[in-house]
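Novice: just need the structure, nothing else, for what follows:
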Amino acid sequence: PGEQALHPVWESVQAGALVLVISDGFDEGAASLAERLSAARREVLFLRLLTMEEREFPFEGGPRFRDPEAANAGDEHRVDARRARGDFLRRFGEAREALKLRLAGAGVRVQEAYTDEPIDRPLRRFFGTRDLA
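Specialist: Below is the predicted model of the structure:
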């Protein structure tokens, strides 16, 4: 997001505040915002929310995929799932680790959560195992 779009954030989130960013991490704007808030002395927690499909690539046969965030979002790509699985998991793991290292370097704490798991799990990792009620 640009400076003008972020102005309301800067006005409402004071230095020393705790900011929880929830994103899949594929939006450069979310990662950039987390870095900028951290640089402005906000405590930033980045909760990366992913799906089980991203974690395991459980597909079989020749599924079709569409990237909703790409410029050509309507384009479909068919893959041989068995052949694509290993490469996808490796590259996706590398991308996840790169984002984690990038954000950690900016002072942002990162946890991953999956849509098929209880949402309190990553929150407990952020805040400890005490009762969150």
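
Novice: for the rest of this, base every contact and every neighbour count on C-alpha atoms.
Specialist: Will do.

Novice: now do the helices in this protein.
Specialist: Ranges of helices within the chain are 3-12, 28-39, 52-56, 81-105, 120-127, based on DSSP state H.

Novice: pick the most buried one from these.
Specialist: helix 28-39 (a mean of 18; mean count of other C-alpha atoms under 10 Å).

Novice: chain center to that one, what's the gap?
Specialist: 12 Å (C-alpha atoms, centre = their mean, to the nearest Å).

Novice: do stretch 4-18 as well
Specialist: So, by C-alpha atoms, centre = their mean, the centroid of stretch 4-18 is 21 Å from its chain's centroid.

Novice: before we move on, what about stretch 95-102?
Specialist: 10 Å.

Novice: quick one: closest of the helices of the chain to residue 62.
Specialist: helix 81-105 (5.9 Å; C-alpha to C-alpha).

Novice: and the angle from that closest one to helix 28-39?
Specialist: 20 degrees (axes from the mean of the first three to the mean of the last three C-alpha atoms, to 10 degrees).

Novice: what about helix 81-105, average pLDDT?
Specialist: Helix 81-105 shows a mean pLDDT of 95.
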